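Undergrad: A predicted structure for the sequence below; I have some questions about it.
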Amino acid sequence: MAPILINADRVVAELDQLAAYSDTPAPAVTRVMLSQQDLAARAWLTTLMQDAGLATRVDAAGNLFARWLGQEEGLPAVATGSHCDAIPHSGKYDGTLGVVGAVEAVRALGASGWRPRRSIDVVMFTSEEPTRYGVGCLGSRPEVVDVGGDAGHGDVSPWVGWFVVRRVRRRCRGPRGP
């Protein structure tokens, strides 16, 4: 196995490119869920992930998954990532470093000749920031509990969950995955 080398210059350039999808001028970033800038950023991230050799899919909540297939495909995948939506006037690393950094980690591991036993999913969650509907973690919440469930997240009614999922499906138009 070759050394694992992170291309920091590439990561910085990709973070700068992603920050350009903003409704406010640099250095601030504003990218509200389902805005034109958010949709453009999602499309750019999808291409970035596919160019890294990852198989992408979008789930019903609009979460973007990019899978690096492991040696034993039947095992549950391990996930890493974050979000790319941004509250008004945020910084360019909020959430995005978790997504772009995860893509770079997979690229570096693959270039070294290493292959994971389990598949690895790089995830870009939808609407972690509560800017559009006043409820945060809309993409990641259904991954850990039913929306409206009683596992500490009862502040989201099933109606809000239904409304948001319909809106995301309409705007993202991604293929539904498992």
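TA: That came through, no problem. Only a predicted model underlies this, so the values are computations on that prediction, with no experimental measurement involved. Numbers count the residues shown, from 1 in each chain.
Undergrad: so how many other residues sit close to the residue lying closest to A40 once chain neighbours are set aside?
TA: Setting aside the residues directly before and after it, A40 is nearest to Y21 in space (CB to CB, 6 or more residues apart in numbering), at 5.0 Å. Where you see a C-beta, it was placed from the backbone N, CA and C, and this is true even at glycine. Residues near Y21, counting by other CB atoms under 10 Å, number 23.
Undergrad: quick one, phi psi at Y21?
TA: Y21 adopts backbone torsions of phi -80, psi 80, taken as degrees, to the nearest 10.
Undergrad: Distance-wise, check it relative to A86.
TA: 9 Å (CB to CB, to the nearest Å).
Undergrad: list the residues that contact both of these two?
TA: Residues touching both Y21 and A86 (CB atoms under 8 Å, 6 or more residues apart in numbering) are R31.
Undergrad: Closest to the centroid, which residue in the chain?
TA: For the chain, the residue whose C-alpha lies nearest the mean C-alpha position (CA atoms, centre = their mean) is M124; its distance is 0.5 Å.
Undergrad: how about low-confidence regions in the protein?
TA: Flagging of the chain using pLDDT under 70 yields the residue ranges 130, 132-133, 135, 141-178.
Undergrad: Quick one: the helices in the protein, in order.
TA: Using DSSP state H, the helices assigned to the chain run over residues 8-19, 36-51, 96-111, 141-144, 158-172.
Undergrad: buried stuff in the third one?
TA: The neighbour-count criterion (16 or more other CB atoms under 10 Å) identifies 96-110 as the buried residues of helix 96-111.
Undergrad: Tell me the one among those residues nearest to A26.
TA: Within the buried residues of helix 96-111, distances to A26 taken as CB to CB reach their minimum at T96, with 13.6 Å.
Undergrad: The closest one contacts G81, doesn't it?
TA: No - using CB atoms under 8 Å, T96 and G81 do not qualify as a contacting pair, with a distance of 10.2 Å.
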